[in-house]
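Enquirer: turn this into a structure:
(one chain, ligands or ions: 1)
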Amino acid sequence: MGAPTGGGGGGAAVLRGFDAPLEAWGPGHRGVDLAAGADAPVRSTLDGVVSFAGPVGGVPVVVVEHPGTGTPSLRSTYEPVVATVAPHARVTAGQVIGRLAAAPGGPGHCGALRGCLHWGLLRGERYLDPLRLLRRARHARLLPLLNGGGGGATARARAPAGAGEGPVSR
Ligand SMILES: [Zn+2]
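Expert: Model prediction:
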């Protein structure tokens, strides 16, 4: 589990945060914008099934449904992303599902100079803050360390730099 951009390291820069609309169709920002260059690989945040891949109003969108996350189940959305997976395909957390597309017709969602991924999270028709998933993931990853004695921070500091193996590697 991790951010959809930034190589899965969870270090993706947030250009614009979530701003829940007061009314269903009122103004707001129904997702989070993550900095990413054109053609950057985009990853699914959680295990799931691709429920939609195609253009919506001229913008390529990928939607992944996540069974087992409640009723109705969570869906994550990624745009503008040209899918590299087919609808109904099963995907795992961290799997590349598409590539960031250039915004059609000039300045994109984040302005002309900055590319970005608009990442959304829904339960039914309700928009949620997708960054919640990352916070939850980080917490879950720390628990085994904290319970294993020595403390998470110490255990981390002792790990060799760049170690790609072990129970906490991604
Ligand atoms: Zn956005």
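
Enquirer: quick one, strands of the protein?
Expert: 14-16, 32-35, 41-43, 48-56, 59-66, 74-79, 81-83, 90-91, 96-100, 116-123, 126-128 (DSSP state E).

Enquirer: can you list the ones you listed in JSON lines and add distance to the ion, mean pLDDT and mean neighbour count?
Expert: For every residue, glycine as well, the C-beta is placed using N, CA and C. Formatted as JSON lines, the strands of the chain follow (distance: least, C-beta to the ion, whole Å; pLDDT from 0 to 100; neighbours: other C-beta atoms under 10 Å):
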{"stretch": "strand 14-16", "distance to the ion": "6", "mean pLDDT": "89", "mean neighbour count": "16"}
{"stretch": "strand 32-35", "distance to the ion": "4", "mean pLDDT": "91", "mean neighbour count": "22"}
{"stretch": "strand 41-43", "distance to the ion": "14", "mean pLDDT": "95", "mean neighbour count": "22"}
{"stretch": "strand 48-56", "distance to the ion": "14", "mean pLDDT": "96", "mean neighbour count": "17"}
{"stretch": "strand 59-66", "distance to the ion": "11", "mean pLDDT": "95", "mean neighbour count": "21"}
{"stretch": "strand 74-79", "distance to the ion": "8", "mean pLDDT": "96", "mean neighbour count": "23"}
{"stretch": "strand 81-83", "distance to the ion": "13", "mean pLDDT": "95", "mean neighbour count": "22"}
{"stretch": "strand 90-91", "distance to the ion": "22", "mean pLDDT": "98", "mean neighbour count": "16"}
{"stretch": "strand 96-100", "distance to the ion": "13", "mean pLDDT": "96", "mean neighbour count": "21"}
{"stretch": "strand 116-123", "distance to the ion": "4", "mean pLDDT": "94", "mean neighbour count": "22"}
{"stretch": "strand 126-128", "distance to the ion": "11", "mean pLDDT": "92", "mean neighbour count": "16"}
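
Enquirer: now tabulate those strands in CSV and tack on distance to Pro4.
Expert: Shown next, in CSV, are the strands of the chain (distance: least, C-beta to C-beta, whole Å):
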stretch, distance to Pro4
strand 14-16, 12
strand 32-35, 7
strand 41-43, 5
strand 48-56, 12
strand 59-66, 10
strand 74-79, 6
strand 81-83, 9
strand 90-91, 11
strand 96-100, 8
strand 116-123, 6
strand 126-128, 15
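
Enquirer: could you point out which of those sits nearest Leu22?
Expert: Closest to Leu22 of the strands of the chain, according to C-beta to C-beta: strand 126-128, at 11.8 Å.

Enquirer: that closest one pairs with which strands, parallel or anti?
Expert: With DSSP bridges as the test, strand 126-128 is paired with strand 116-123 (antiparallel).
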